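[1] Provided below are the primary sequence and the corresponding predicted coordinates.
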Amino acid sequence: MSDDQLVDEADLEWSDVEHGDHEFRRKQLGAATAGDELGCSLYELPEGKQDWLRHYHEGNEEALFVLSGTGTISLGPDAEEHDLSAGDYVALPRGEAGTHAIEGGEGGLRYLMMSTMNEPDITVYPDDDKVGLYAGSAPGGAKDERTLSTYLDRNAEVAYWDEE
């Protein structure tokens, strides 16, 4: 086994995100190793706070495994809420069926989020009517390798032959 195949979570720095009701800490375990096709991040989500905006991926499948604490996850296009606790595993397939948002419960939530690392990818944010477009590196991948990373109004459209 080479040194880039094994990482100790304690050796990685947390990245912190705080924006209104969205607040969490994250360690990108997969990005710290030699893996190409599987991403994995450790998250800590405080009580009453959410991770990312509710979304789904068109090009990548995700899964979450709860390590400790409690929380809720809203799933699917109807945002059906489910309680989360230690030992729970949630599969998040590509497409609308994988729509999700996570909120920390009493005492917070600690979990692993895994994903395939396919690119290009489109992330759809149904509550915000926007999309994220990524090429060169999958969401959660190396940003310095990304050739396209942008967020657009979901209905932004121009004619193919516009002014050509």
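    Great, that's in hand.
[2] after the lengthiest strand in the chain comes which helix or strand?
    If you go by DSSP state E, the chain has its longest strand at strand 100-116. Downstream of strand 100-116, the first helix or strand assigned by DSSP states H and E is strand 121-125.
[3] any buried residues in that following strand, and which?
    Neighbour counts over strand 121-125 (16 or more other CB atoms under 10 Å) mark 121, 123, 124, 125 as buried. From N, CA and C alone the C-beta is placed, and that goes for glycine too.
[4] for stretch 12-26, buried residues please.
    Buried residues in stretch 12-26 (16+ other CB under 10 Å): 23, 24, 25, 26.
[5] cool, and stretch 127-147?
    Quick answer for stretch 127-147 (16+ other CB under 10 Å): 130, 131, 132, 134, 137, 138, 139, 140, 141, 146.
[6] any stretches of the chain with poor pLDDT?
    1-3, 164 (pLDDT under 70).
[7] please enumerate the strands of it.
    15-19, 22-28, 38-45, 56-57, 62-75, 80-85, 89-92, 100-116, 121-125, 130-135, 148-153.
[8] possible to save the ones you listed as a markdown table with distance to residue 160?
    Below are these laid out as a markdown table (distance: least, CB to CB, whole Å):
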| stretch | distance to residue 160 |
| --- | --- |
| strand 15-19 | 36 |
| strand 22-28 | 36 |
| strand 38-45 | 34 |
| strand 56-57 | 26 |
| strand 62-75 | 32 |
| strand 80-85 | 38 |
| strand 89-92 | 33 |
| strand 100-116 | 30 |
| strand 121-125 | 18 |
| strand 130-135 | 17 |
| strand 148-153 | 16 |
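[9] deepest-packed of these, please.
    Among these, ranked by average contacts under mean count of other CB atoms under 10 Å, first place goes to strand 56-57 (a mean of 23).
[10] which elements pack onto that strand?
    strand 121-125 (3 or more CB pairs under 8 Å, 6 or more residues apart in numbering; DSSP states H and E).
[11] strand partners (parallel or antiparallel) of the strand it packs on?
    Using DSSP bridges, strand 121-125 pairs in its sheet with strand 56-57 (antiparallel), strand 130-135 (antiparallel).
[12] got the contact list for it?
    With contacts defined as CB atoms under 8 Å, 6 or more residues apart in numbering, strand 121-125 is touched by 53-60, 96, 99, 131-134, 138-139, 154.
[13] please look at residue 44 and residue 16 and confirm they touch.
    No. Counting by CB atoms under 8 Å, residue 44 does not reach residue 16; the two are 9.7 Å apart.
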